[in-house]
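**Student:** Need a 3D model of the following:
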Amino acid sequence: MKYFILLFLFLSPAFSRASYSFSPVGSQEAFLGNAGVGLLCSAGSPLYNPAGLGFCEYELNLTVSGTGIAYQEMQDPAFHNQTGSFTSSTLMTSAVFSVDEKIKTGFFYSYPANVDNTFRIQDASGGVTAKDVRFQFAQGGLSYGGLIDESLAWGFSIAFTWNELTSDSITNTVSAGTTTSLNQKRFEQQNYIALNPGFVWRARDDYSIGATVQWRALNLYSEGDLYQNQLSTGDTLATETFGRYTPHTDPILGVTVGQVFHFNDKTFLLDLSYAPQYALPSTPIQQESDLSLFNISTGIKIPFRSVRFMGGGSFTQMSNQSISMFSTGINYNNRTYEANFGLYYKYSKNDEVGASNSDTLGFMYSSSVNY
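**Tutor:** Reported below is the predicted structural model:
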């Protein structure tokens, strides 16, 4: 159970909105360390801050695809044998169009988490556990953004969020000459609606600031199923148990503030996010207290001839777990087309005894067209 709890925390996407994601999401924002709440107009605005749509001058924007392909591996002294896995995830796909001269609306979809890991655990007493865990997370929704005046914009989005976890494990233990085999299957699924109001203020030509509130407004479906089958030496029949419970829930409320600075031809981005109640209710996945979540993301764009070099990083702290991510890439942008491609590296560390760490290295690209 302990290893499953820690692994689940490692796999969790943390929250439905972009600045709380542990993996790259968005369009150019994914290459800028997941920073972008303060951008005035971006292909990733429907996901990061819908208010940014208010400053877009095009009639139609299509983000054709943003896909990350990565190799992920878990490490821990207790994991004597584990396998890495290749994963593919949709950073963001969206379509944005004009409702009238001042209002834009857009549909978006993101599938940032698609993890499948198999590993073997051996504890100090000689017990061995073989486990296969798969976690998926996706969200899609509708965003609106418009101008209040020439320097201030409002935005609002509503997102449907889905995540699913499946875990299969076999544990063999030996104690006082008795061998016990425990087979365990676990399935969890959560569906809920999240609301995301925001604003962006262009204070000067070289500075803008934005803010969004992330609210898990309506829980549509949340259920966990646990099946166990146990057989010990001398038993003639296996002991079977089945139970249902309320699984881990994402934060009810969070806030992100983002700033964008322009110095000469260079652009700097800084986002700060905080979710005060990262709640884990009384279930088999039990924690002693609620966990708060803090995230800082920063990025930079530097022009060079016909392209821009991009780079960024983010750091997330949640109780004993910390996640660091670094990304870099090249941006090509003309009047109607934008393309991005690059690499990212993510390291997850948990300081609790017996917890698991992981490394992820991936390639990502995205493209969008304006009309």
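
**Student:** before we move on, what SS does Ser324 have?
**Tutor:** For Ser324, the secondary-structure state derived from DSSP: H, G, I helix; E, B strand; the rest coil is strand.

**Student:** which sections of the stretch 101-250 of the chain are below the confidence cut-off?
**Tutor:** 119-126, 247-250 (pLDDT under 70).

**Student:** For it, which segments count as strands?
**Tutor:** Per DSSP state E, counting those that start in this stretch, the stretch 101-250 of the chain has strands spanning 103-122, 128-149, 152-175, 178-204, 207-232, 239-245. These are given in chain order.

**Student:** Out of these, which gets nearest to Val307?
**Tutor:** Smallest distance to Val307 across the strands of the stretch 101-250 of the chain (Cβ to Cβ): 23.0 Å, for strand 207-232. In this view, the C-beta of every residue, glycine as well, is placed from N, C-alpha and C.

**Student:** Other residues contacting stretch 147-157?
**Tutor:** The list of residues contacting stretch 147-157 from outside it, by Cβ atoms under 8 Å, 6 or more residues apart in numbering, reads 40, 45-47, 49-55, 102, 108, 141-146, 195-203, 212.

**Student:** What residues of that stretch count as buried?
**Tutor:** Using 16 or more other Cβ atoms under 10 Å as the test for burial, stretch 147-157 gives 147, 153-157.

**Student:** One more: stretch 304-323?
**Tutor:** Counting neighbours by 16+ other Cβ under 10 Å, one finds that the buried residues in stretch 304-323 are 308, 310-314, 316, 318-319, 321-323.

**Student:** Stretch 101-111 too?
**Tutor:** Of the residues in stretch 101-111, 104-106, 108-111 count as buried by neighbour count, 16+ other Cβ under 10 Å.

**Student:** For it, what is the distance to the chain centroid?
**Tutor:** Using Cα atoms, centre = their mean, to the nearest Å, the mean C-alpha position of stretch 101-111 is found 20 Å from that of the whole chain.

**Student:** Restricting to C-alpha, output that stretch in CSV.
**Tutor:** Included here for stretch 101-111 are C-alpha records, laid out as CSV according to Å, rounded to 0.1, in the frame of the first residue of the first chain:
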residue,chain,number,x,y,z
GLU,A,101,-14.9,42.3,-33.1
LYS,A,102,-14.1,42.1,-29.3
ILE,A,103,-14.8,38.5,-28.3
LYS,A,104,-12.9,35.3,-29.3
THR,A,105,-14.0,31.7,-28.4
GLY,A,106,-12.1,28.5,-28.6
PHE,A,107,-12.3,24.8,-28.1
PHE,A,108,-9.2,23.0,-26.6
TYR,A,109,-8.1,19.4,-25.8
SER,A,110,-5.1,18.3,-23.9
TYR,A,111,-3.9,14.8,-23.0
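
**Student:** residues making contact with that stretch?
**Tutor:** In contact with stretch 101-111 (Cβ under 8 Å, 6+ apart) are residues 18, 25-26, 45-47, 50, 53-54, 56, 61, 89-99, 136-147, 157, 159.

**Student:** Please repeat the previous calculation with a cut-off of 7 Å.
**Tutor:** Applying Cβ atoms under 7 Å, 6 or more residues apart in numbering, the set of residues contacting stretch 101-111 from outside is 25, 46-47, 53-54, 56, 89-99, 138-147.

**Student:** now do stretch 219-230
**Tutor:** Counting by Cβ under 7 Å, 6+ apart, the neighbours of stretch 219-230 from elsewhere in the structure are 180, 182-193, 238-247, 249, 283-284.

**Student:** re the thing from before, pick the one among the buried residues of stretch 304-323 closest to Ala217.
**Tutor:** When the buried residues of stretch 304-323 are compared for distance to Ala217, the smallest value, 21.9 Å, is given by Met318; criterion: Cβ to Cβ.

**Student:** I figured that closest one hits Leu293, correct?
**Tutor:** Yes: between Met318 and Leu293 there is a contact at 4.7 Å, judged by Cβ atoms under 7 Å.

**Student:** Against the centre of the chain, work out the most remote residue.
**Tutor:** Ranked by distance from the centre of the chain (Cα atoms, centre = their mean), the top residue is Gly234, with 46.9 Å.

**Student:** got a list of what it touches?
**Tutor:** No contacts exist for Gly234 under Cβ under 7 Å, 6+ apart.

**Student:** State the distance from it to Ala176.
**Tutor:** 12 Å (Cβ to Cβ, to the nearest Å).

**Student:** ok, now Gly312?
**Tutor:** On the measure of Cβ to Cβ, Gly312 and Ala176 end up 55 Å apart.

**Student:** Type out the ChimeraX command that picks the buried ones from the contacts of stretch 147-157.
**Tutor:** Per 16+ other Cβ under 10 Å, the buried members of the contacts of stretch 147-157 correspond to this ChimeraX selection:
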select :40,45,46,47,49,50,51,52,53,54,55,108,141,143,144,145,146,195,196,197,198,199,200,201,202,212
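
**Student:** and the residue lying closest to Glu29 once chain neighbours are set aside, how far is that from Asn334?
**Tutor:** In space, Glu29 comes closest to Gly36 once its chain neighbours are excluded; the distance is 3.6 Å by Cβ to Cβ, 6 or more residues apart in numbering. Gly36 sits at a distance of 20 Å from Asn334 (criterion: Cβ to Cβ).
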